[in-house]
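Trainee: Got a sequence here, can you build the structure:
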Amino acid sequence: MLTFQGMSGVAQSPVAPPNTAPVSPVPTPVVPPGLGDRPLQVGLSPVPPFVIQSSSAQGGSDWDGIGVQLWREIAHELDLDYEWREVQPNQAIAQLEAGDLDIALVTATAPREQQVDFTQSYFATTLGIANQRQQRVWNILTAVLSPQFLRICLGLSLLLLVVGIICWLFERRTNEEMFHKAPRKGIWDGFWWAGVTMTTIGYGDKAPKTVGGRILALLWMLVAMGLTASLTASITSVLVLDQGIQPLRVQQLQTMQVGSVADTVAAGYLRQEQIQFETFPDPKAGMTAVDEGRIDAFVYSTTPLRTLNQDSFQKRLRIEDTGIQASQHSFALPENSPLQEPLNQQILVELSEPNWQSMLQRYLPDSSS
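Mentor: Numbers count the residues shown, from 1 in each chain. The predicted model follows:
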């Protein structure tokens, strides 16, 4: 059963009533003999929130996180003696093959599966993209002053002017109180009327009275409904899509300087999409490069990116969840390790415990990070 610091209390089974068969406890997996001769060497590297490194009182490293807490509970239940060993993320698989490690907390990938074995996955996460937050006010000002937006405004003004002139020509003789007879003031009155009619505001200060003017008004109102919808889409495209205010799309990475960690699902995806990228030793190094402007985007699992952004970067970066290609967090073992089956059984037991969800809530970052 999962137990964590700050959580106390032991659940006790009620006494079974007479003539009621007691519930059978879940059997503890049997660890094969020959594994207790020496402490297991458990390799790990900092990948928050799954592996979190901190300084201990003795000056060394202390470890915490989802994967670390799960392993501690598994080791306790299976009576396994172990030692932590910090390794470089891209060296864990090689050290497992060489026999320097017995267990490693890593993500499972297809190439790695050909080299080592993996246990049951305990957490899946999608790919995320870390990039700098946009300066929205500046982007909107830039968009408003862009040639495309100015062309839209000019075209709309010309259309309103044409409709206003036609309305003025109908109304100038019989409706002079609303549409001045003088061309300069009268055309402005028509322009104003066309604008407020198109936007459905309709102040009521000006309205056509002639048959021709009213027919024009009806036609203009019908045309304006479709025109408004089209203009809304065009203006949104200019203000948002063309100015980078929208969420970053994977396709945009083709034209950006991108980073990732080698030998990961993220790196494999970038190669598959033929996106050139720079490699970094760990996620924090890649996010630091984004923060300093050395690269445009860093691709990695969404959950670690959000955790680092919240804890180490004060949410300065923007994390986009692509929703594609999940990374499976699990424990890696040498091929044909006798530990695989006992670990799989115990992982399934731990994941079914109510405290598992409580622990996830404790470590997982806010999705807005």
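
Trainee: count of residues packed around the nearest residue to Gln276 once chain neighbours are set aside?
Mentor: Among residues not flanking Gln276 along the chain, Val258 sits closest, at 7.0 Å (CB to CB, 6 or more residues apart in numbering). C-beta: built from backbone N, CA, C; applies to glycine. Counted by other CB atoms under 10 Å, the residues lying close to Val258 total 23.

Trainee: for Gly293, same thing?
Mentor: 9.

Trainee: residues in contact with it?
Mentor: Gln132 (CB atoms under 8 Å, 6 or more residues apart in numbering).

Trainee: That one falls within a strand, correct?
Mentor: No - Gly293 is assigned coil when assessed by DSSP: H, G, I helix; E, B strand; the rest coil, not a strand.

Trainee: could you point out the longest helix in this protein?
Mentor: helix 211-239 (DSSP state H).

Trainee: by contact count, what packs against it?
Mentor: On a contact count with 3 or more CB pairs under 8 Å, 6 or more residues apart in numbering; DSSP states H and E, helix 211-239 meets helix 136-144, helix 147-171, helix 183-198.

Trainee: what is the mean pLDDT for it?
Mentor: On average, the pLDDT along helix 211-239 is 82.

Trainee: Helix or strand next in line after it, which one?
Mentor: Going down the chain from helix 211-239, the next helix or strand is strand 258-261, by DSSP states H and E.

Trainee: Make sure Gly67 is actually in contact with His329.
Mentor: Yes - Gly67 lies in contact with His329 (CB atoms under 8 Å); the separation is 6.3 Å.

Trainee: Can you give me the distance of Leu127 to Thr264?
Mentor: Leu127 sits 10 Å away from Thr264, going by CB to CB, to the nearest Å.

Trainee: Identify the contacts common to the two.
Mentor: Common neighbours of Leu127 and Thr264, using CB under 8 Å, 6+ apart, are Tyr300, Ser301, Ser327.

Trainee: thought the last one was touching Thr125?
Mentor: Yes - with contacts counted by CB under 8 Å, Ser327 reaches Thr125, the gap being 5.2 Å.

Trainee: between those two, which one's more packed in?
Mentor: Comparing Ser327 with Thr125 by other CB under 10 Å, the one with more neighbours is Ser327, at 25 against 22.

Trainee: the bottom helix or strand of the protein by mean pLDDT?
Mentor: Within the chain, confidence by mean pLDDT, DSSP states H and E is lowest for helix 136-144 among all helices and strands, at a mean of 62.

Trainee: And Glu73, how close does it get to Ser45?
Mentor: Separation of Glu73 from Ser45 (CB to CB): 21 Å.

Trainee: ok, these two, which is more surrounded?
Mentor: Taking neighbours as other CB under 10 Å, Glu73 and Ser45 compare with Glu73 leading, 22 against 19.

Trainee: is it true that Ala92 touches Val42?
Mentor: No - contact status for Ala92 versus Val42: not in contact, 10.3 Å apart, counting by CB under 8 Å.

Trainee: which neighbours do the two share?
Mentor: In terms of CB under 8 Å, 6+ apart, Ala92 and Val42 are both contacted by the residues Leu101, Ala104.

Trainee: Now the residue nearest the centre of the chain: phi and psi?
Mentor: Residue closest to the mean C-alpha point of the chain, counted by CA atoms, centre = their mean, is Asp321 at 2.3 Å. Asp321 adopts backbone torsions of phi -90, psi 120, taken as degrees, to the nearest 10.

Trainee: try the one 5 residues further on
Mentor: For Ala326, the backbone dihedrals (degrees, to the nearest 10) come out as phi -70, psi 150.

Trainee: Confirm for me that it is in contact with Thr126.
Mentor: Yes - with contact defined as CB under 8 Å, Ala326 and Thr126 form a contacting pair (5.5 Å).

Trainee: gap between Val211 and Tyr82?
Mentor: 92 Å.

Trainee: next one: Leu222
Mentor: Using CB to CB, Leu222 is found at 76 Å from Tyr82.

Trainee: Give the other helices and strands that the host helix or strand of Leu70 contacts.
Mentor: In this structure, Leu70 is located in helix 66-78 according to DSSP H and E. Contact analysis of helix 66-78 by 3+ CB pairs under 8 Å, 6+ apart lists strand 40-44, strand 103-108, strand 327-333, helix 340-351, helix 354-363 as its packing neighbours.

Trainee: cutoff 6 Å now
Mentor: In this structure, helix 66-78 packs against helix 340-351, with contacts taken as 3 or more CB pairs under 6 Å, 6 or more residues apart in numbering; DSSP states H and E.

Trainee: now the helix it packs on: how far from the chain's centre is it?
Mentor: Taking CA atoms, centre = their mean, to the nearest Å, one finds helix 340-351 lying 30 Å from the centre of the chain it belongs to.

Trainee: Now do it, average pLDDT.
Mentor: Taken as a whole, helix 340-351 has an average pLDDT of 96.

Trainee: Kindly export it (C-alpha atoms) in PDB.
Mentor: Output of helix 340-351 as PDB, limited to C-alpha atoms (Å, rounded to 0.1, in the frame of the first residue of the first chain):
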ATOM      1  CA  GLN A 340      10.500  -8.400 -14.200                       C
ATOM      2  CA  GLU A 341       7.500 -10.500 -13.300                       C
ATOM      3  CA  PRO A 342       7.500  -9.600  -9.500                       C
ATOM      4  CA  LEU A 343       7.800  -5.900 -10.300                       C
ATOM      5  CA  ASN A 344       5.000  -6.100 -12.900                       C
ATOM      6  CA  GLN A 345       2.700  -7.700 -10.300                       C
ATOM      7  CA  GLN A 346       3.600  -5.200  -7.600                       C
ATOM      8  CA  ILE A 347       3.200  -2.200  -9.900                       C
ATOM      9  CA  LEU A 348      -0.300  -3.300 -10.800                       C
ATOM     10  CA  VAL A 349      -1.100  -3.600  -7.100                       C
ATOM     11  CA  GLU A 350       0.300  -0.100  -6.300                       C
ATOM     12  CA  LEU A 351      -1.600   1.500  -9.200                       C
END
